[in-house]
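**Student:** quick one, what's the 3D model for this:
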Amino acid sequence: MKNIRLPLCFLLIAGVAALAVVSCVHKPLRFAKKCVECHQEKVAGFKDNRVVHSPVSKGACESCHRPHGMIGGIYLKEDKKKLCYKCHNNSLKMMEKKYIHAPVKDEECVSCHNPHASMNKNLLKAKDYELCFTCHDKESFERKTKHEPLFKKECIFCHESHSSDYENLLFDSVNNVCAECHNFKNKGFIKKHSGYDVSGASCVSCHAAHSANNDKLLRNFIHKPLDKNQCNDCHGAPGVSLKIKEKGAEFCYKCHTEEEKSFVKNYMHSPASKGNCLDCHSPHSTDYKGITLLPDGDICYKCHKDTKDNFDRKHIHKPIKEKQCTSCHNPHSSGNKYILKKKGKTLCYDCHDNSDFISSNVHEPVEAGMCIVCHNPHASDNKFELNYPEIEQCYSCHEKEKKLFDRVSVHTPVRNGSCSVCHNPHSSAEENLLLRKERDLCFKCHQQMLDEVKNEVVHRPFGKGECLTCHNAHAGNNQFHLINVGGEKCYGCHNNRLSVAGKGNIYQHTPFKEEDCTSCHNPHGSKIKGQLNRPVGNLCLSCHNDVASRLDKEELKHAPAKDGKCLKCHTPHYAEIEYLLIADGARLCNECHVATLPSMIQAHNGIPVANADCSGCHESHSAINKGLLRPIMHTPFADKNCKRCHE
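**Tutor:** Model prediction:
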């Protein structure tokens with residue numbers, strides 16, 4: 001029977017397990033709800049447009065979006081920079097061309113195209129012309145005379161919208177683009193160009209591509225012969241040749257006689273010295289002052305490429321930032337090194353107000369007119385275009401100070417490398433080029449210290465702002481960069497009153513003996529007389545723990561001790577009597593207790609105590625016995641039977 005039950009049991013377990021497995025299998029969803037069923041209003045809005053993106057028109061939102069996205073999030077299936085290319089894979093070929101439109105290069109398709117629907121063809125966010133001006137400055141396209149395609153507002157008539165093998169995204173070379181509309185061989189066209197066949201020339205060497213301020217669509221700055229249609233001043237006769245009559249600067253100097261004289265100086269710009277005027281200037285017209293081929297700055301970097309890279313720093317001199325090289329340099333020649341327009345600080349003062357540089361005390365480099373000793377005239381990674389970080393810049397001359405400042409305690413501005421927090425790097429009316437008078441300068445940061453003791457007892461040097469009486473302005477080997485430590489710093493002023501008088505006494509207060517004045521006194525000021533750190537009683541008890549403990553425990557207290565008037569009996573610095581007492585024996589107590597009074601004689605059992613030592617019987621501060629008597633008493637004394645011993 002047992003043998004039959006065992007297989008049946010196994011079969012039952014296997015069946016239950018199989019049923020469990022089947023029950024855990026996910027069943028397919030019976031119903032699938034599309035995005036458009038909930039977002040009908042949005043989809044309807046998209047379909048009201050003239051052009052609808054294919055997935056939107058088919059209601060296939062899941063082509064781009066995940067159906068289980070975060071609430072409030074568009075949750076694209078993949079990065080938007082790659083998503084478009086999933087369908088528009090042929091568009092990737094755009095990236096293979098030489099010149100790529102910035103939005104295409106950055107893969108920001110949606111900066112121009114609406115991903116759902118638009119009233120404009122190709123799902124553009126705006127019409128061609130207006131769309132371009134969301135990035136491109138409209139001003140240069142809206143001048144007096146406009147190129148015909150601009151009238152039609154069709155930028156793509158000349159330009160490719162995504163990428164091109166030709167500069168400025170043109171669909172072909174410049175002249176081939178122009179030839180789409182202009183017949184270079186037409187007699188009327190040749191006549192307009194003073195009888196010259198210009199089919200081999202570059203149209204944009206004379207004409208503005210978009211708009212101009214003149215009727216001939218010439219660029220803003222025009223070479224005089226061109227403006228007067230006197231092309232044969234430089235070129236051969238019309239109908240013969242466009243070649244110029246002569247080459248080099250000598251030909252230019254036939255008209256520019258004054259320039260020839262002014263260019264002959266000690267330092268000449270390389271193109272000017274070699275007579276290569278056309279390295280920088282156009283012989284026809286340009287959009288740049290001086291008829292240069294490129295704007296100021298850009299024209300310079302055409303040759304000075306390495307220099308441009310050096311200017312890619314955190315802090316850039318304003319003329320460099322604004323690409324105004326000629327504000328400092330003469331582009332042709334100069335009597336100054338680096339073809340500078342003026343020497344030294346004279347050049348700097350053209351822009352920088354010199355009032356900050358002419359105070360009574362002038363920093364040596366400033367006085368010598370050597371601004372570049374500290375500043376890079378172009379760019380630097382350091383604030384104010386300094387050649388080095390601020391403190392390193394200072395130490396490049398002040399090497400001795402660098403060694404002196406390498407101490408244990410360093411003033412915060414020095415430690416932070418900020419010399420200019422206290423010093424003016426150019427000039428100052430104060431000594432040592434300080435920004436303000438010593439008092440005002442220190443309290444610029446430490447005003448709170450002064451406020452804390454305002455209208456109270458203030459240490460005279462602190463109140464007058466004579467901080468350097470005690471502190472080193474830069475660094476020192478003592479805490480708080482003090483010039484001296486302990487009593488040595490105090491005795492510079494308090495010598496006669498304390499040091500000389502006190503050192504001859506046998507009994508000296510420990511802080512006084514150890515010259516630790518600040519354990520009791522605040523060196524700047526205090527609301528408590530004597531510039532004490534706290535009230536006398538609390539101050540004394542902070543060290544004299546035994547007295548403090550007894551005063552706390554014992555009920556009967558001596559009045560001066562109870563009231564914290566320690567100086568009623570003790571001197572604070574030194575004394576000739578033990579425990580720094582003001583007087584000895586009964587003389588001290590007689591200040592308050594007149595020993596000759598009948599009541600005092602009666603209290604002492606008729607025994608006169610005028611010359612006795614009160615502390616022989618009484619506690620000085622507190623006691624457990626009435627009359628502040630000591631705790632252990634001689635039996636006759638306790639029984640008030642003094643005459644057993646005394647006559």
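**Student:** and K243, what pLDDT?
**Tutor:** On pLDDT, K243 comes in at 83.
**Student:** run through the stretch 301-450 of the chain and note the low-pLDDT ranges.
**Tutor:** Along the stretch 301-450 of the chain, the model assigns pLDDT under 70 to no residue.
**Student:** run the last query once more with 90
**Tutor:** 304-312, 344, 354-356, 438-439, 447-450 (pLDDT under 90).
**Student:** the helices in it, which residues?
**Tutor:** Under the criterion DSSP state H, counting those that start in this stretch, the stretch 301-450 of the chain contains helices at 305-310, 318-321, 344-348, 364-367, 390-395, 399-404, 412-415, 438-452.
**Student:** which non-adjacent residue is nearest N220?
**Tutor:** Spatial nearest neighbour of N220, chain neighbours left out: D287 (4.9 Å); criterion: CB to CB, 6 or more residues apart in numbering. C-betas here are computed from N, CA, C, even on glycine.
**Student:** check contacts around the one you found.
**Tutor:** Taking CB atoms under 8 Å, 6 or more residues apart in numbering, we find D287 in contact with 140, 208, 219-221, 295.
**Student:** same check, this time on C374
**Tutor:** Counted by CB under 8 Å, 6+ apart, C374 has contacts 365, 386-387, 393, 425.
**Student:** for PyMOL, write a command that selects the buried ones of those residues.
**Tutor:** Selecting the buried subset of the contacts of C374 in PyMOL, with 16 or more other CB atoms under 10 Å as the burial test, is done by:
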select buried, resi 365+386+393+425
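**Student:** ok, the contacts of C374 vs P67, which is closest?
**Tutor:** Of all the contacts of C374, P67 sits closest to L386, with 58.3 Å by CB to CB.
**Student:** which residue, other than its chain neighbours, is closest to the closest one?
**Tutor:** Nearest non-adjacent residue to L386 (CB to CB, 6+ apart): Q393, at 4.9 Å.
**Student:** I figured the one you found hits N387, correct?
**Tutor:** Yes: applying CB atoms under 8 Å, one finds Q393 in contact with N387, separated by 6.1 Å.
**Student:** picking that back up, and the helices of the stretch 301-450 of the chain, which is most packed in?
**Tutor:** Among the helices of the stretch 301-450 of the chain, ranked by average contacts under mean count of other CB atoms under 10 Å, first place goes to helix 390-395 (a mean of 18).
**Student:** helices and strands around that helix, which ones?
**Tutor:** The helices and strands touching helix 390-395, judged by 3 or more CB pairs under 8 Å, 6 or more residues apart in numbering; DSSP states H and E, are helix 399-404.
**Student:** contacting residues around the helix it packs on?
**Tutor:** Residues outside helix 399-404 that contact it (CB under 8 Å, 6+ apart) are 394-395, 474-475.
**Student:** next one: stretch 124-133
**Tutor:** With CB under 8 Å, 6+ apart, stretch 124-133 has contacts from 112-114, 118, 120, 134, 141, 150, 153-156.
**Student:** residue ranges of the helices in the stretch 451-600 of the chain, please?
**Tutor:** 460-463, 487-494, 501-503, 510-513, 536-541, 545-553, 559-562, 585-589, 598-603.
**Student:** Y301 is nearest to which of these?
**Tutor:** helix 460-463 (57.8 Å).
**Student:** dump the contacts of helix 399-404 to a markdown table, plus distance to M600.
**Tutor:** Formatted as a markdown table, the contacts of helix 399-404 follow (distance: CB to CB, whole Å):
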| residue | distance to M600 |
| --- | --- |
| C394 | 75 |
| Y395 | 76 |
| H474 | 64 |
| A475 | 63 |
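**Student:** just to revisit the earlier point, separate out the buried members of the contacts of stretch 124-133.
**Tutor:** 112-114, 118, 120, 141, 150, 155.
**Student:** so what does S285 look like in phi/psi?
**Tutor:** Main-chain torsions, S285, degrees, to the nearest 10: phi -160, psi 150.
**Student:** so it touches T292, yeah?
**Tutor:** No: using CB under 8 Å, S285 is not in contact with T292, being 11.2 Å away.
**Student:** one step back: and the helices of the stretch 301-450 of the chain: which comes nearest S262?
**Tutor:** Among those, the nearest to S262 by CB to CB is helix 344-348 (18.4 Å).
**Student:** starting at the chain centroid, how far to the closest one?
**Tutor:** Centroid displacement of helix 344-348 relative to its chain, using CA atoms, centre = their mean, to the nearest Å, is 28 Å.
**Student:** next: stretch 368-382.
**Tutor:** 20 Å.
**Student:** and for stretch 459-476?
**Tutor:** Chain-centre distance of stretch 459-476: 31 Å, with CA atoms, centre = their mean.
**Student:** quick one on the thing from earlier: of all the contacts of C374, which comes closest to I582?
**Tutor:** Of these, the one sitting nearest to I582 (CB to CB) turns out to be P425, at 58.0 Å.
**Student:** wouldn't that closest one be in contact with L433 here?
**Tutor:** Yes: assessed by CB under 8 Å, P425 is found in contact with L433 at 7.3 Å.
**Student:** quick one on the thing from earlier: the contacts of stretch 124-133 in helices, which ones?
**Tutor:** Among the contacts of stretch 124-133, the residues falling in helices (DSSP state H) are L150.
**Student:** any chance of the contacts of stretch 124-133 in CSV, plus pLDDT?
**Tutor:** Formatted as CSV, the contacts of stretch 124-133 follow (pLDDT from 0 to 100):
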residue, pLDDT
C112, 93
H113, 93
N114, 93
S118, 94
N120, 92
T134, 90
F141, 87
L150, 81
K153, 81
E154, 84
C155, 88
I156, 88
